[in-house]
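Visitor: Below are the sequence and a predicted model; questions follow.
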Amino acid sequence: MEREELFYLMALAAVPGLGPITIRALMAHFGSAAAVFDASEAALREVDGVGAHLAKAIRHGSNPLVFAEAELDFVERHDVRLITYLDESYPQRLAFYPDAPLILYYLGSASMNPERVVGVVGTRAPTRYGLQFVEELIDGLRAYEPLIVSGLAYGIDALAHRAALDAGLNTIGCLAHGLRTIYPAAHRDLAGRMRQAGGLLTEHHSRARPAREHFPLRNRIVAALSDALVVVESGEEGGSMITAKLANEYSKEVFALPGRLKDPRSAGCNKLIKTHQASLIQTAEDIAYLLGWNKPIGGKGRQMKMFQDLSEEEQKLILFLEAEGVLSFDKLSRLMGMGAGRLSALLLGLECKGAVQALPGKRFELG
C-alpha cells in the first residue's frame, strides 16, 4: 500500500469510536481511505454504522491526521513493517475474522503465513512440571517446523519463545502494546533474539501502553493465528483460558496439559479436558496426529475423474484437498471464500458421496 493511502488508513483507525468493521465498510463504499476523508458528512452517513457524530469526527477532526503523520514517521525511522488487511502478506489465518485488525505493526523476519502454527500459552508462575513439558513439546515439534506463537509474558509464554529459538524454530510474540516499548522489560533481550528468528507483532500504535483491555485483544490474535493452541498450567480464570475459549470459537484444535487434581495451577487445564474443550496432550505427536501432519502431502491421491458428477464448487474443494492432504475447516473456509454454514453443507454433501471424510479436530481429507 502506498504511503498516502497508509496515512489515511491510519488516520481512520485513530478516529474515536470508529472500529474495524465500520472502517472496512467505509473503504468498500468509497474505494479508498483517502476518498473517505474527501467525502461529505451526508455521504458518510449513508454507510451502515456511521451516524452524525462519526461523520463529523471523520470530516472535521484534525487529531487523527496529526497522529497518522507521527506514526508513519516512527514506522519509517525504526524499520517497522506496516501490514494492512488489504496486503498479501497479511496473516490469512487472521484475515478471515470480521474483527481482525486493519493494520498490524511487525518487527521481524518470519512469514506470518507459514504452513503450520502452534500457539503455546499458560501460567506466569509455572511449576517444574510445566516448564519441562514445554521444553519437551517444542523439541518434539522440531521435525514438523511450525511457527511458535505466544504472548511474550512471564512464565510459559517466554519459555515457549526461548525453547523455539533454541530448537531453531521461528517464533512470534503477539504484544498488548505498541513497539516503542517491550513489556515486561525483562524480556528485551529475548525480544531482540526473536526479531532475528520470528518477530514481534501488534495491532496497537507505537505509543500504546500495556493497558488491561489490550490483553484480551492480544489473546484473540494468538488464538486466530494458531492451528493448534496448547495450554500449559492455568487457573480456571485468566488470559490462557480466554485464549482457549477464543480458539474453540475459531474452530481451532485446543490441547491442555493435565495436572494434579487439587493443584490450582492445573485447574483450568483439567477443566478444559473434563468439559471436552481441549484434548489431553502428552507429546508433540498428539498435535501431529490430530492435525494430520503425519500424513503425506497429497492425501490419497484421488483423481478428479472419479468425481465427474461433482459441482464446480465441490471440484474446487477436492482440488484443495488433493494439493494439501488434510485441511482444517477454518482453512477450507478461507480458501473457498465461504461462510461456515455454506461450507458445512458442501462438506456434508461430499461426505455423503464418499469423496471427503472428516477427521478429529474439524479436519478433512479425501475419502
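Guide: Happy to help now that I have it.
Visitor: hey, let's count contacts and neighbours off CA atoms from now on
Guide: Fine.
Visitor: Could I get the contacting residues of Phe74?
Guide: Ser206 (CA atoms under 8 Å, 6 or more residues apart in numbering).
Visitor: now swap in Glu2 and tell me
Guide: Counting by CA under 8 Å, 6+ apart, there are no residues that Glu2 touches.
Visitor: swap in the one 5 residues further on?
Guide: Counting by CA under 8 Å, 6+ apart, Phe7 makes contact with Leu65, Ala68, Glu69, Leu72.
Visitor: Sort out for me which of those are in helices.
Guide: Using DSSP state H, Leu65, Ala68, Glu69, Leu72 are the members of these that sit in helices.
Visitor: Only whichever of these are buried, select them in ChimeraX.
Guide: Here is the ChimeraX command that picks out the buried ones among these, judged by 16 or more other CA atoms under 10 Å:
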select :65,68,69,72
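Visitor: from the contacts of Phe7, which single one is nearest Asn113?
Guide: Leu72 (24.6 Å; CA to CA).
Visitor: hey, what's Ser279 bridged with?
Guide: Taking DSSP bridges as the rule, Ser279 bridges to Phe255.
Visitor: in terms of contact, does it touch Phe255 like I think?
Guide: Yes. At 4.6 Å, Ser279 counts as touching Phe255 under the criterion of CA atoms under 8 Å.
Visitor: Neighbour count: those two, which is higher?
Guide: Set Ser279 next to Phe255 and count neighbours by other CA atoms under 10 Å: Phe255 wins out with 25 against 22.
Visitor: For Ala34, see how far away that one is.
Guide: 44 Å (CA to CA, to the nearest Å).
Visitor: Show me what stretch 262-275 is in contact with.
Guide: Outside stretch 262-275, the residues touching it (CA under 8 Å, 6+ apart) are 123, 126, 231-237, 241, 256-261, 278-280.
Visitor: My error: substitute stretch 57-72 in the last question.
Guide: 7-8, 10-12, 14-16, 37-41, 205-206.
Visitor: Would you mark the buried spots in it?
Guide: Ala57, Ile58, Gly61, Pro64, Leu65, Phe67, Ala68, Glu69, Glu71, Leu72.
Visitor: Please tabulate the residues you listed in a markdown table and include distance to Ile83 and pLDDT as additional columns.
Guide: Shown next, in a markdown table, are the buried residues of stretch 57-72 (distance: CA to CA, whole Å; pLDDT from 0 to 100):
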| residue | distance to Ile83 | pLDDT |
| --- | --- | --- |
| Ala57 | 25 | 91 |
| Ile58 | 23 | 93 |
| Gly61 | 25 | 78 |
| Pro64 | 19 | 91 |
| Leu65 | 19 | 90 |
| Phe67 | 18 | 91 |
| Ala68 | 15 | 93 |
| Glu69 | 17 | 93 |
| Glu71 | 14 | 93 |
| Leu72 | 13 | 93 |
